[in-house]
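1. below are the sequence and a predicted model for it; my questions follow.
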Amino acid sequence: MKEHVQSQVGQSIWPIRCPLCVMDYSPEGEHGGEHRPAPLDFAKGLSTVIMSVITRDLVETLGIDQAVLVKWVKLEMAKVCVAIECPR
């Protein structure tokens, strides 16, 4: 899990989905009984998979490096704010 979080944060992917929840097993008749990525569209009704996202509490429990945690916080904040830097 730690490697998954570090990889996703390194690629600036947000939110980070649980790697176990992302895979959806399709029945034999639908796609030949293969594992495929779960749909991200929740508007299709009950047939969609509800995916969990990884929280900061879990990341801190995993013992993630400080640099990765700093980038995590930046990704987390990017959805609600804009970074402004003074040129002086």
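-> Perfect, I can see it now. Predicted model, so just to flag it, every value in this text is computed and none were measured.
2. isn't residue 5 right up against residue 63?
-> No. Here residue 5 lies out of contact with residue 63, judged by CB atoms under 8 Å, at a distance of 10.6 Å. C-betas here are computed from N, CA, C, even on glycine.
3. neighbour count winner among those two?
-> residue 5 (19 against 8; other CB atoms under 10 Å).
4. now the more buried one: how far from residue 87?
-> 34 Å (CB to CB, to the nearest Å).
5. now do residue 4
-> Taken as CB to CB, the span from residue 4 to residue 87 is 38 Å.
6. and if you look at residue 68?
-> Residue 68 is 28 Å from residue 87, by CB to CB.
7. same check, this time on residue 64
-> 32 Å.
8. looking at the two, which has the bigger crowd around it?
-> Legend: neighbour count by other CB under 10 Å for residue 64 and residue 87, higher for residue 64 (18 against 3).
9. SS state for that one?
-> Classification of residue 64 using DSSP: H, G, I helix; E, B strand; the rest coil returns coil.
10. need the contact list for it.
-> Applying CB atoms under 8 Å, 6 or more residues apart in numbering to residue 64 gives the contacts 2, 5, 6, 72.
11. can you say which of those are buried?
-> Neighbour-count burial (16 or more other CB atoms under 10 Å) applied to the contacts of residue 64 gives 5, 6, 72.
12. and the helices in this protein, which stretches?
-> For the chain, the helices defined by DSSP state H cover 2-10, 19-22, 28-31, 56-62, 66-78.
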